[in-house]
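# Pasting the sequence and the predicted coordinates here, then a few questions.
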Amino acid sequence: MADATAPRASDRIPLAGSSIAIPPMGVGTWAWGDKATWGMGGYDASLTEATIRDAWEASIDAGVVLFDTAEVYGGGESERIIGRLLAEDPSRRADVVIASKFMPSPWKLDVEKHLVTAARASVERLGVDAIDLYQIHGPISLRSKGALAEALAAAQAEGLVRAVGVSNYSVKETRRIDAALRERGLRLASNQIECSLLRTMPERVGLLACCRELGVVPLAYSPIGQGRLTGKYSAANPPPKNRSFSAHPMEQVDAIVAVLRRVGTAHDRTPSQVALAWTIAKGTVPIPGAKNRAQAEDNAGAVGWSLTDDEVAELDAVALYGRRGIQQRTWQHG
């Protein structure tokens, strides 16, 4: 139901410890340039740099100006694509917020050296003066939270990054890195986690509450379950097998999509827009992918209105906890 308190694309959420503020929704760019997984020579031949440009422009025009990338997405190609898009129209730089990530592989024992070097390389690929939000990609480093905080502080001191965050961190890990950053005069701005109707674990284990307490913004990746909650797929027409996040049996997903359709009818919204509105109602900033203009415009339709408390409860009743496989134990602690 649309009301005065409904989130709008023009709204801005401040990131702690910085002058950066982000809209209530962003764009995940893992697919941009990752040929092996997402297309551009992979299974989705419709994904091209031209369609990415359309998605970029449509997102910005709609006010969805947060773009999340990483050094490992397509071996840096996602960052290069964003850099080319910015170079084509430099005036866009003032409008957009660019987030990227450092991969803290266990062998990177001199984590400060590796992180600062990686941040410099990302800045160069993106063609920006500094990265607005720089995140530790996952809780896989062998170094202490203090060493990681020191590395982030060094990158910020060098002017490479403006705000700092993490990804896939648990409650305990979030508290520890937050404390370590505060000791160095910094603040933890964000924790990027998989959160959707197919993975409510972050809410149920208290991670979202922890983020609220600490002033940390939770960014929700895979908020429509890698396409499973769009209504495009079903048990009879499952998604590609290499979409590993939220890979529940489609019979279970179909039951959730049925509720999304029913709720969406009352608002004249698509299932994916309802799924995104649910993640916003939970206090997260979803960052769905967009491979073309139509997807970007559909994503943007998730803001400017809101679900009622009863509709959120109806969706909560069918939502899934999430899968606890090897990936969750080693990579997704959040």
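Alright, I've got the coordinates.

# mind listing what the closest residue to residue 196 other than its chain neighbours touches?
Once flanking residues are discounted, residue 196 sits nearest to residue 223: 4.8 Å by Cβ to Cβ, 6 or more residues apart in numbering. C-beta here means a position set from N, CA and C on the backbone, and glycine is covered the same way. By Cβ atoms under 8 Å, 6 or more residues apart in numbering, the contact set of residue 223 is 195, 196, 275, 276, 279, 284, 286, 287, 288.

# Farthest-apart pair in the residues you listed, please.
The span of the contacts of residue 223, defined through Cβ to Cβ, is set by 275 and 287 at 13.2 Å.

# Looking only at neighbour counts, state which of the two leads.
residue 275 (30 against 27; other Cβ atoms under 10 Å).

# picking up where we left off before, can I get the contacts of residue 223 in a markdown table including secondary structure, pLDDT and distance to residue 106?
Shown next, in a markdown table, are the contacts of residue 223 (DSSP: H, G, I helix; E, B strand; the rest coil; pLDDT from 0 to 100; distance: Cβ to Cβ, whole Å):
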| residue | secondary structure | pLDDT | distance to residue 106 |
| --- | --- | --- | --- |
| 195 | coil | 97 | 26 |
| 196 | strand | 98 | 28 |
| 275 | helix | 98 | 34 |
| 276 | helix | 98 | 34 |
| 279 | helix | 98 | 31 |
| 284 | coil | 98 | 28 |
| 286 | strand | 98 | 30 |
| 287 | coil | 98 | 26 |
| 288 | coil | 98 | 30 |
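
# Distance to residue 305 added to those residues, as a markdown table?
Output for the contacts of residue 223, formatted as a markdown table (distance: Cβ to Cβ, whole Å):
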| residue | distance to residue 305 |
| --- | --- |
| 195 | 20 |
| 196 | 19 |
| 275 | 14 |
| 276 | 11 |
| 279 | 14 |
| 284 | 17 |
| 286 | 15 |
| 287 | 19 |
| 288 | 17 |
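
# Tell me the one among the residues you listed nearest to residue 93.
Nearest to residue 93 out of the contacts of residue 223 is residue 287 (Cβ to Cβ; 19.3 Å).

# Residue 8 and residue 305, how far apart?
9 Å (Cβ to Cβ, to the nearest Å).

# In terms of packing, which of these two has more residues around it?
Using other Cβ under 10 Å as the criterion, residue 8 and residue 305 rank with residue 305 on top: 17 against 13.

# Make sure that one is actually in contact with residue 266.
No: at 10.6 Å, residue 305 does not count as touching residue 266 under the criterion of Cβ atoms under 8 Å.

# who does the lengthiest helix in the chain touch, helix- and strand-wise?
The longest helix of the chain (DSSP state H) is helix 250-267. Applying 3 or more Cβ pairs under 8 Å, 6 or more residues apart in numbering; DSSP states H and E, we find helix 250-267 packed against helix 271-281, helix 309-318.

# and that helix, which residues are buried?
Using 16 or more other Cβ atoms under 10 Å as the test for burial, helix 250-267 gives 250, 253, 256, 257, 259, 260, 263, 264, 267.

# any idea which helix or strand of this protein has the worst average confidence?
Every helix and strand of the chain was ranked by mean pLDDT, DSSP states H and E. The lowest is helix 35-38, at a mean of 62.

# Going along the chain from it, find the next helix or strand for me.
Once helix 35-38 ends, the next helix or strand along the chain (criterion: DSSP states H and E) is helix 49-61.

# So what's the gap between the helix or strand that that next one is followed by and the chain middle?
For helix 49-61, the following helix or strand on the C-terminal side (DSSP H and E) is strand 66-68. How far strand 66-68 lies from its chain's middle: 8 Å, per Cα atoms, centre = their mean, to the nearest Å.

# Stretch 21-36 now?
Its chain's average C-alpha position is 7 Å from that of stretch 21-36, according to Cα atoms, centre = their mean.

# does residue 321 really touch residue 200, like I thought?
Yes: under the criterion of Cβ under 8 Å, residue 321 makes contact with residue 200 at 5.9 Å.
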